[in-house]
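>>> have a look at this prediction, sequence included:
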Amino acid sequence: MSRIGKMPIPVPSGIEVSLENSSSGSTKVTVKGPKGELSQEISSLLTVKLDEGEVVVMRADDERESRSQHGLARTLINNMVVGVNEGYSKKLEIVGVGYRAQMKGSDLEMQLGFSHPVLVKPVNGIKFETPSQTEIIVSGIDKQAVGQVAADVRKWRKPEPYKGKGIRYEGEYVRRKLGKAAK
């Protein structure tokens with residue numbers, strides 16, 4: 001039995017969870033909360049039940065496919081509940097002389113050593129914040145989308161190992177290398 005999959009998901013007050021069975025046998029789970037609404041299709045190999053403020057994910061058999069889906073489905077539903085209640089955010093740091101970020105409307109404009117500024121438009125449900133010129137906060141209710149957008153922003157200038165310049169996650173350690181050895 002999956003240790004993660006068998007744990008019930010507590011539903012806080014103010015969060016509404018609804019289940020809808022489709023003709024293909026899968027279940028559509030919709031979670032509404034103060035920050036928004038998310039929905040997810042759950043495999044037909046699993047059953048999802050709503051019991052007294054808890055969501056429980058169960059599987060019918062111990063086949064390999066249903067075992068692999070069990071913990072994943074529970075985690076996806078839990079991420080939706082936490083997302084519509086609290087939200088998710090990733091913090092990025094910019095390191096380098098002349099590297100900076102600023103907001104231009106709802107878009108993020110970055111100077112990263114290119115001959116032109118880099119403009120990143122937010123995906124649906126994602127917000128950017130720049131508390132300072134060297135900090136970027138990516139926030140939203142969908143955990144996967146927040147992580148993907150943060151990775152896409154970081155991809156513009158990954159931290160390099162010689163001087164450590166680039167965009168990195170908050171607290172990320174960049175292993176430094178020595179430069180050329182002089183004779």
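Looks like it arrived, so ask away. Numbering: from 1, shown residues only.
>>> how far is stretch 88-100 from where the chain is centred?
18 Å (CA atoms, centre = their mean, to the nearest Å).
>>> and it, C-alpha only, in CSV?
Extracted in CSV, the C-alpha atoms of stretch 88-100 (Å, rounded to 0.1, in the frame of the first residue of the first chain):
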residue,chain,number,x,y,z
TYR,A,88,2.7,28.8,-4.1
SER,A,89,5.7,31.0,-4.9
LYS,A,90,9.3,30.6,-6.0
LYS,A,91,11.9,33.2,-5.3
LEU,A,92,14.7,33.8,-7.8
GLU,A,93,17.9,35.9,-7.2
ILE,A,94,19.9,37.7,-9.9
VAL,A,95,23.7,37.8,-9.5
GLY,A,96,25.9,39.8,-11.8
VAL,A,97,27.1,43.3,-12.6
GLY,A,98,24.4,45.2,-14.6
TYR,A,99,21.9,42.3,-14.3
ARG,A,100,18.5,43.5,-13.0
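>>> so which bits of that stretch are buried?
Y88, K90, L92, E93, I94, V95, G96, Y99 (16 or more other CB atoms under 10 Å). Just so you know, the C-beta spots here come from the backbone N, C-alpha and C atoms, and that holds for glycine as well.
>>> let me see the contact set for the third one.
Contact partners of L92, counting by CB atoms under 8 Å, 6 or more residues apart in numbering, are E135, I136, I137, V138, A150, V153, R154, I167, R168, Y169, E170.
>>> before we move on, what about the fourth one?
E93 is in contact with T134, E135, I136, I167, R168, Y169, E170, E172, counting by CB under 8 Å, 6+ apart.
>>> re earlier: need the buried residues of stretch 88-100 in JSON lines (columns: secondary structure and pLDDT).
Shown next, in JSON lines, are those (DSSP: H, G, I helix; E, B strand; the rest coil; pLDDT from 0 to 100):
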{"residue": "Y88", "secondary structure": "strand", "pLDDT": "95"}
{"residue": "K90", "secondary structure": "strand", "pLDDT": "96"}
{"residue": "L92", "secondary structure": "strand", "pLDDT": "96"}
{"residue": "E93", "secondary structure": "strand", "pLDDT": "96"}
{"residue": "I94", "secondary structure": "strand", "pLDDT": "95"}
{"residue": "V95", "secondary structure": "strand", "pLDDT": "94"}
{"residue": "G96", "secondary structure": "coil", "pLDDT": "91"}
{"residue": "Y99", "secondary structure": "coil", "pLDDT": "95"}
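>>> out of those residues, which comes closest to S66?
Y88 (28.2 Å; CB to CB).
>>> restricted to buried residues, select the contacts of L92 in PyMOL.
Buried subset of the contacts of L92, written as a PyMOL selection, criterion 16+ other CB under 10 Å:
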select buried, resi 136+138+150+153+154+167+168
